[in-house]
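Engineer: Next come a sequence and a model predicted from it.
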Amino acid sequence: MTTIEGQINRRAEPRELRVGQVVSHAVVLAICCFISYRIITDILVAAQFVPRDDELLGGMWAVIATIFVFRYSYDESARAALSRTSATLVSFALCFIYLLIFPFRPLGMAALIGVGAIVLSLIGRSEDIITTGITTAVVMVVAGISPQHAWRQPILRLIDTLVGIGVGIAGAWIGLKLTGRSANQKPTHPESTLTRAV
């Protein structure tokens, strides 16, 4: 084998490895999303106290939480899980208290988003303001769509999120074992590997 052929073969191996890691990551993510959706929808069906729309919304919200925390490294997933949890807890507390007292109002939703931003800034979690705001908006608007027992919405979305986070973290750990990466190692994207090889 010539020197050039040897170099080409050595360059091809890492690229194949990276493509394999990317594909396995995507497959595990897809499986985790399916699992989190089924867990939540099955739980809500068994509970028999929420309408079909809430079942579907719960499944979607669990999938979003799974996607949010499922990262290329376990350390990144753990940080994302902490961020998602703190954002959800703040949103849960604000929305739950509000909806126990008042019905949904756009002005109330805006006020809660503002209060959430202040609280998170004061406790040093300003990076979670966006997630908290999005969660608050979803919970409040759904409470407006289903005003009967609106106070349940924060509780349901908290459950959805915690299930999605749990599945996402478990999936990240499994993905770590499948690809043989260390806890904080991210795979290089195939394109960047190819660029360096060239």
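Structural biologist: Looks like it arrived, so ask away.

Engineer: what about H149, which SS state?
Structural biologist: Secondary structure assignment for H149 (DSSP: H, G, I helix; E, B strand; the rest coil): coil.

Engineer: Just the buried residues of stretch 142-153, please?
Structural biologist: Across stretch 142-153, burial judged by 16 or more other C-beta atoms under 10 Å covers 142-144, 146, 150, 152-153. From N, CA and C alone the C-beta is placed, and that goes for glycine too.

Engineer: Can I get the helix or strand encompassing A110 in PDB? Just the C-alpha atoms.
Structural biologist: According to DSSP states H and E, A110 maps onto helix 106-122. Extracted C-alpha coordinates of helix 106-122, given in PDB (Å, rounded to 0.1, in the frame of the first residue of the first chain):
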ATOM      1  CA  PRO A 106     -53.200  37.900  28.600                       C
ATOM      2  CA  LEU A 107     -52.200  40.600  31.000                       C
ATOM      3  CA  GLY A 108     -51.800  38.000  33.800                       C
ATOM      4  CA  MET A 109     -49.700  35.800  31.600                       C
ATOM      5  CA  ALA A 110     -47.400  38.800  30.700                       C
ATOM      6  CA  ALA A 111     -47.100  39.700  34.400                       C
ATOM      7  CA  LEU A 112     -46.100  36.200  35.300                       C
ATOM      8  CA  ILE A 113     -43.400  36.100  32.600                       C
ATOM      9  CA  GLY A 114     -42.100  39.400  34.000                       C
ATOM     10  CA  VAL A 115     -42.100  38.200  37.600                       C
ATOM     11  CA  GLY A 116     -40.400  34.900  36.500                       C
ATOM     12  CA  ALA A 117     -37.600  36.900  34.800                       C
ATOM     13  CA  ILE A 118     -37.100  39.000  38.000                       C
ATOM     14  CA  VAL A 119     -37.000  36.000  40.300                       C
ATOM     15  CA  LEU A 120     -34.600  34.100  38.100                       C
ATOM     16  CA  SER A 121     -32.300  37.100  37.700                       C
ATOM     17  CA  LEU A 122     -32.300  37.600  41.500                       C
END
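
Engineer: packing partners for it?
Structural biologist: Packing partners of helix 106-122 (3 or more C-beta pairs under 8 Å, 6 or more residues apart in numbering; DSSP states H and E): helix 74-101, helix 129-145.

Engineer: quick one: it to chain centroid distance?
Structural biologist: 22 Å (C-alpha atoms, centre = their mean, to the nearest Å).

Engineer: what's the answer for stretch 60-77, then?
Structural biologist: 4 Å.

Engineer: Can you name the residues in contact with that stretch?
Structural biologist: Stretch 60-77 is contacted from outside by 25, 28-29, 32-33, 36-37, 39-40, 80-81, 84, 131, 138, 157, 160-165, 167-169, 171-173, 175-176, 181-187, using C-beta atoms under 8 Å, 6 or more residues apart in numbering.
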